[in-house]
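Participant: Just need the structure, nothing else, for what follows:
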Amino acid sequence: MPERVRVTALFKRKEGVSKEDFEKYWLTEFPKAFTSLEVVKGKTIIYEQGQVNEQVHDVLGKAGLPVAPYDAQAVIEGTSFEDLRDIFTSEEYRTVIGGQAKQYFERGGLIFASNVCTLADLRI
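Facilitator: Sure thing, here's the model as predicted:
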C-alpha cells in the first residue's frame with residue numbers, strides 16, 4: 001500500500017506570453033491562488049512546483065539526452081487519488097485556476113500519476 005499518491009503535471013508557456021510574465025504568474029500568482037483554494041487545503045499533503053532551468057536543459061539536450069519540452073512543473077501529493085481528483089474536478093478549481101491557466105499555458109500539458117512510498121531518506 002502506498003504511503004501517499006502523487007500527481008506531476010507539466011506545462012508549456014503559452015505562445016505570445018513573455019518569459020517574464022510567465023515567471024511572474026507561475027512563481028507568484030499561481031501558488032497563491034492554488035494554495036488558497038478550500039478544496040486544496042483539505043486534500044493536499046505537499047505542493048511543489050518548479051520551472052525549467054534552460055541552461056541545464058540545453059546542456060543535457062546537446063549531450064544527446066532526451067529532455068521534456070515543458071516550461072513548468074507542479075507536484076501535488078495526497079493520501080488518495082480520489083482526493084486529488086476532487087481538487088481538479090471541483091468548481092472552485094475550474095473557476096479560479098482554469099480561468100487563469102488559459103492565459104498562460106498551452107493546452108495539452110502532461111500529467112503523470114503515481115503511488116509513492118519512501119524507501120530511503122538519504123538526507124544527512
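Participant: Just list the residues touching the residue nearest to the spatial centre of the chain, thanks.
Facilitator: The residue lying closest to the centre of the chain (CA atoms, centre = their mean) is A74, at 1.5 Å. With contact set as CB atoms under 8 Å, 6 or more residues apart in numbering, A74 has these partners: T8, A9, F11, F34, Y47, E48, Q49. Every C-beta, even on glycine, is put in place using the N, C-alpha and C of the backbone.
Participant: which one of those is nearest K62?
Facilitator: F11 (23.7 Å; CB to CB).
Participant: Quick check: buried residues in stretch 100-117?
Facilitator: By neighbour count, and taking 16 or more other CB atoms under 10 Å as the criterion, the buried residues in stretch 100-117 are A101, Y104, F105, G109.
Participant: And it, how far out from the chain middle?
Facilitator: Here stretch 100-117 shows a centroid-to-chain-centroid distance of 6 Å under the convention CA atoms, centre = their mean, to the nearest Å.
Participant: Mind exporting the C-alpha coordinates of that stretch to PDB?
Facilitator: Output in PDB follows, covering the C-alpha atoms of stretch 100-117 (Å, rounded to 0.1, in the frame of the first residue of the first chain):
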ATOM      1  CA  GLN A 100      -6.000  31.900 -15.200                       C
ATOM      2  CA  ALA A 101      -4.400  29.000 -16.800                       C
ATOM      3  CA  LYS A 102      -5.900  29.700 -20.200                       C
ATOM      4  CA  GLN A 103      -4.000  33.000 -20.300                       C
ATOM      5  CA  TYR A 104      -0.500  31.500 -19.500                       C
ATOM      6  CA  PHE A 105      -0.400  27.800 -20.500                       C
ATOM      7  CA  GLU A 106      -0.800  26.000 -23.800                       C
ATOM      8  CA  ARG A 107      -3.400  23.300 -23.900                       C
ATOM      9  CA  GLY A 108      -2.100  19.700 -23.900                       C
ATOM     10  CA  GLY A 109       0.100  19.600 -20.800                       C
ATOM     11  CA  LEU A 110       1.100  16.200 -19.400                       C
ATOM     12  CA  ILE A 111       0.000  14.500 -16.200                       C
ATOM     13  CA  PHE A 112       1.700  11.600 -14.500                       C
ATOM     14  CA  ALA A 113       0.000   9.900 -11.600                       C
ATOM     15  CA  SER A 114       2.000   7.600  -9.200                       C
ATOM     16  CA  ASN A 115       1.900   5.700  -5.900                       C
ATOM     17  CA  VAL A 116       4.700   6.900  -3.700                       C
ATOM     18  CA  CYS A 117       6.400   5.200  -0.800                       C
END
